[in-house]
Structures are given as C-alpha cells and as structure tokens.
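Colleague: No letters, just coordinates:
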C-alpha cells in the first residue's frame, strides 16, 4: 500500500488495517507526515508539526 493510500484513508479503514496487521501505526504516521511535508508549504494547513513526538507515539501504539 502506498504512502498516499495510507495518508488519505479514513480512520475507520485505517483502524481495520492496523487491527488486521496489514499496516502498523508507524507506517500510517510516516505516510501522514510525508503528506503533510509535501503539501503544507502550499496549503499552510498546519502551524506546527512535531514529527518526533508523533513518531514516538506511533511506536508506543505499535508496541501495545
């Protein structure tokens, strides 16, 4: 599954994919951060992005 696919899926679908083991929370977060990085310069949708904290939280979720 491509990063763009993951970054544009709805939360219910992502939840099912994570629960089934098809993707990990870390993969979803990396895809989301990549999409933010690619679009935010043009859209200015985010004032602040904290990728380190987001990746840390996704690793913790993955461990659970």
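Modeller: Yep, it's here. Not measured: the values here are computed from a predicted model. Numbering: from 1, shown residues only.
Colleague: ok, so what distance separates the residue of the chain positioned farthest from its centre from residue 29?
Modeller: Outermost residue of the chain with respect to the C-alpha centroid, by C-alpha atoms, centre = their mean, is residue 42; its distance is 19.4 Å. Computed as C-beta to C-beta, to the nearest Å, the residue 42 to residue 29 distance reads 21 Å. The C-beta positions use only the backbone N, C-alpha and C, and glycine is treated the same way.
Colleague: The lengthiest helix in the chain: how far from the chain's middle?
Modeller: For the chain, the helix with the greatest residue count under DSSP state H is helix 25-43. Put simply, helix 25-43 sits 7 Å off its chain's centre (C-alpha atoms, centre = their mean, to the nearest Å).
Colleague: Determine the set of other helices and strands touching it.
Modeller: With contacts taken as 3 or more C-beta pairs under 8 Å, 6 or more residues apart in numbering; DSSP states H and E, helix 25-43 sits against helix 3-8, helix 11-20, helix 51-63.
Colleague: Point out the most buried one among those.
Modeller: Among the helices and strands packed on helix 25-43, helix 3-8 has the highest mean neighbour count (mean count of other C-beta atoms under 10 Å), at a mean of 15.
Colleague: Quick one: mean pLDDT for that one?
Modeller: Helix 3-8 shows a mean pLDDT of 88 in the predicted model.
Colleague: Can we start the residue count at 57 from this point?
Modeller: With 57 as the first residue, the last one maps to helix 59-64.
Colleague: Give me the distance from that helix to the chain's centre.
Modeller: Taking C-alpha atoms, centre = their mean, the mean C-alpha location of helix 59-64 is offset from the chain mean by 8 Å.
Colleague: can you list contacts of that helix?
Modeller: 70, 79, 83, 84, 86, 87, 88, 90, 91 (C-beta atoms under 8 Å, 6 or more residues apart in numbering).
Colleague: Provide a list of residues in contact with the first one.
Modeller: What that stands for is residue 70. Shown in contact with residue 70 (C-beta under 8 Å, 6+ apart): 62, 79, 84.
Colleague: All set, thanks.
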